[in-house]
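1. 3D model of this:
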Amino acid sequence: MERSTTVALLYPGDRAMRDRADPRESRFVTLFDAFESAGITAEPAVYHDDFADEVAAQLRRVDGVLVWHNPIESGRRRDRLDTMLKEVAQRGVFVSSHPDAVLRLGTKDVLLDVRELPFGSDTVRVDSLDQLAAQLPGRLRAGARVLKQHRGCSGVGVWRVEAIRDSVQLRVRHAQRGSEEEVIGMPGLLQRMTPYFETTNGGHTIDQAWQPRLVEGMVRAYLIGDRVGGFGHQAVNALYPGQDGKSAPPAGPRLYYPADLPQFQYLRRMLETQWVELLRQRVGLPREHLPLLWDCDFMFGEPTPEEPERYVLCEINVSSVSPFPPSAVGPVVSAMAEALKDAGRR
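-> Below is the predicted model of the structure:
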């Protein structure tokens, strides 16, 4: 009897969730159903460091694994998980996203890597608090900046900083949900930035120029390998500024659209024909390590005569891309089937 192809969907949870192993209580019901329809067995691989060895044994017997796990989950880093994923990948299990892809694409360092590419922007690496204190005031004279910790999620460690005219005070806002704008001095800013310069947090930050057109929203392109699988548009995001002296509005929902949405076809064309390849080459990522599901957040850039439509990369999400447009489900399943076939696992 021919062995069926099996994939695991790995996501964080507790002991009780792992014991139940119920796809219906996960975020990925539609994916489980789509794999079943494609003749591929999909099983939950609920993960926690406390039972990592048990998960590792499970992954060694499957053909492929799709991973959803943030850089920090419930206060824990994913170091042990990454070691485990590398080990099972070396045994021939197809892993996406591979930890090497996460490190090359999924940290804020990618903004420095691409600053000279068509979707890049004015970006600087800051290696110490002293460097930040010495150089940031000069950059603020040209406009607001956004300081970003090396690696994070959900807006944590992302700060908009703006100089106040004829004052040494700064207007500062954290992108973490629920944060309010503050007016503080440089010492206060340095105090808030101190944790991001610790070695365990990457030892540096990234300083990116503020994009004034953020008030027009942010576009998220969902990619399956090098193909666009859908879009998300968020009209009001976490750093949306207040208007006319009023407080900034809370972040709004992200609305999801299929890949053929007319208003983003220029972005889709550039990603599929040029930008993904430019990005892959710039960060040194082998084509076979492009994630099966990842996304790029773009801000609207200032148009030029040569580029009437311009997009500026804000960040790339690789570790835990969810939710995603329904239009991406079928392409993800097809891409996994093709990857397993190429790897001789199907």
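
2. Beyond the helix or strand of the chain at the bottom of the mean pLDDT ranking, next helix or strand please.
-> When the helices and strands of the chain are scored by mean pLDDT, DSSP states H and E, strand 72-73 comes last with a mean of 84. If you walk from strand 72-73 toward the C-terminus, the next helix or strand you reach (DSSP states H and E) is strand 76-77.

3. Quick check: neighbours of the least confident helix or strand of the chain in the sheet, parallel or antiparallel?
-> Strand 72-73 has the following sheet partners, assigned by DSSP bridges: strand 76-77 (antiparallel).

4. Output the contacting helices and strands for the following helix or strand past the partner strand.
-> Taking DSSP H and E as the definition, the helix or strand that follows strand 76-77 towards the C-terminus is helix 79-90. Using 3 or more Cβ pairs under 8 Å, 6 or more residues apart in numbering; DSSP states H and E as the contact criterion, the secondary-structure elements in contact with helix 79-90 are helix 52-60, strand 64-67, strand 94-96, helix 99-105. For glycine as for every other residue, the C-beta is placed from the backbone atoms N, C-alpha and C.

5. the helices in the stretch 151-300 of the chain, which residues?
-> Secondary structure of the stretch 151-300 of the chain by DSSP state H, counting those that start in this stretch: the helices cover 186-193, 265-270, 276-283.

6. Make a markdown table out of those and add mean pLDDT, mean neighbour count and distance to Val329.
-> Conversion of the helices of the stretch 151-300 of the chain to a markdown table gives the following (pLDDT from 0 to 100; neighbours: other Cβ atoms under 10 Å; distance: least, Cβ to Cβ, whole Å):
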| stretch | mean pLDDT | mean neighbour count | distance to Val329 |
| --- | --- | --- | --- |
| helix 186-193 | 97 | 15 | 40 |
| helix 265-270 | 98 | 16 | 18 |
| helix 276-283 | 98 | 17 | 20 |
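
7. Including distance to Arg220, could these go into TSV?
-> As requested, the helices of the stretch 151-300 of the chain are exported to TSV (distance: least, Cβ to Cβ, whole Å):
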stretch	distance to Arg220
helix 186-193	27
helix 265-270	10
helix 276-283	15
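
8. host element of the residue nearest to Met17 when sequence neighbours are not counted?
-> When the adjacent residues along the chain are set aside, Met17 lies closest to Val46, with 4.7 Å between them (Cβ to Cβ, 6 or more residues apart in numbering). Here Val46 is covered by strand 41-47, with elements defined by DSSP H and E.

9. list the helices and strands that strand packs on?
-> If contacts are counted by 3+ Cβ pairs under 8 Å, 6+ apart, strand 41-47 sits against strand 6-12, helix 15-20, helix 29-37, helix 52-60.

10. now the angle from it to helix 29-37?
-> When axes from the mean of the first three to the mean of the last three Cα atoms, to 10 degrees is applied, the directions of strand 41-47 and helix 29-37 differ by 140 degrees.

11. How many residues are close by Val312?
-> 23 (other Cβ atoms under 10 Å).

12. Identify the residues contacting the residue nearest to it when sequence neighbours are not counted.
-> What sits nearest to Val312 in space, not counting adjacent residues and going by Cβ to Cβ, 6+ apart, is Gly301, at 4.2 Å. Taking Cβ atoms under 8 Å, 6 or more residues apart in numbering as the criterion, Gly301 is in contact with 121, 211, 213, 307, 310-312.

13. Try it again at 6 Å.
-> By Cβ atoms under 6 Å, 6 or more residues apart in numbering, Gly301 lies in contact with 310-312.

14. Closest one to Gly155 out of the residues you listed, please.
-> Val312 (17.7 Å; Cβ to Cβ).

15. Now do that closest one against Phe264, distance only.
-> Spatial separation of Val312 from Phe264 under the definition Cβ to Cβ, to the nearest Å is 15 Å.

16. Equivalent analysis for Leu292, please.
-> The gap separating Leu292 from Phe264 is 21 Å, by Cβ to Cβ.

17. quick one, which of these two is more surrounded?
-> Between Leu292 and Phe264, Leu292 has the larger neighbour count (other Cβ under 10 Å), namely 25 against 21.

18. Give me the phi and psi angles of the more buried one.
-> Here the main-chain torsion angles of Leu292 (degrees, to the nearest 10) amount to phi -70, psi -30.

19. And Asn317, by the same measure?
-> The phi and psi values for Asn317, taken as degrees, to the nearest 10, are phi -110, psi 120.

20. what's the distance between it and Thr205?
-> From Asn317 across to Thr205, the span is 19 Å (Cβ to Cβ).

21. Equivalent analysis for Leu129, please.
-> Remark: distance between Leu129 and Thr205 (Cβ to Cβ) = 10 Å.

22. More neighbours: which of the two?
-> The neighbour comparison of Leu129 against Thr205 (other Cβ under 10 Å) goes to Thr205, with 26 against 16.

23. That one reaches Leu147, doesn't it?
-> Yes. Under the criterion of Cβ atoms under 6 Å, Thr205 is in contact with Leu147, at a separation of 5.4 Å.

24. where does the stretch 101-250 of the chain have low pLDDT?
-> Counting by pLDDT under 70, the stretch 101-250 of the chain contains low-confidence residues at 244-245.
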